[in-house]
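Q: Okay, sequence plus prediction incoming.
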Amino acid sequence: MARFITIFFITLVGLFSLEMLVPVQEHIIVPFTTGLARVSAAIILPFDSSVLAYGKILQLKDTGFAVSIEAGCNGVEAAIVLIAAIVAFPANWRKRVIAIAIGFLTIQVMNIARIISLLYLGNWNLEIFNWIHLYLWPALIMLDVLIVFVVYLRYINGAATAGQAVNA
């Protein structure tokens, strides 16, 4: 357990430090966040032609209400926590990479649902928007991280148990 905690925190600090570097922000994080706004708009457009994405902003043209996808709202930090947990748990690197990829996609699917829901909630009621934005969605995103990690642990444990049964 001490090994897991040590590797987890070292990886966490390393990845958060890397994420904060200006070149990483400029060349990876900002374009990624802009992409989230575009994907969100593309999902909404068939149902609502009043949506517009520019930069990290998602806006409803008819009312003018907009959300800006800021640091902490792009799912990168949640993915970093998941990556640190997966890296810290001893397993085959191939399985770790697959878990990281699936986990990242899972977090982003949930995050896009979060962004879209917040756009419409904010347009409807700012008080509810603020509560859901600050309390409910962060908890749900981190719950998603936890669920993905638990599923990964069960997969690793199941693979190890199956391997032992075959070797017995």
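A: Received the coordinates, thanks.
Q: any low-confidence regions in the chain?
A: Flagging of the chain using pLDDT under 70 yields the residue ranges 159-168.
Q: redo that, cut-off 80
A: 158-168 (pLDDT under 80).
Q: all helices of the protein, in order?
A: For the chain, the helices defined by DSSP state H cover 2-20, 22-24, 30-44, 76-88, 93-124, 126-131, 137-167.
Q: how about a markdown table for those helices, with mean neighbour count and distance to Thr63 added?
A: The way it works is simple: take the backbone N, C-alpha and C, and place the C-beta from them, glycine included. Converted to a markdown table, the helices of the chain look like this (neighbours: other Cβ atoms under 10 Å; distance: least, Cβ to Cβ, whole Å):
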| stretch | mean neighbour count | distance to Thr63 |
| --- | --- | --- |
| helix 2-20 | 13 | 33 |
| helix 22-24 | 9 | 35 |
| helix 30-44 | 17 | 14 |
| helix 76-88 | 21 | 29 |
| helix 93-124 | 17 | 6 |
| helix 126-131 | 13 | 12 |
| helix 137-167 | 14 | 21 |
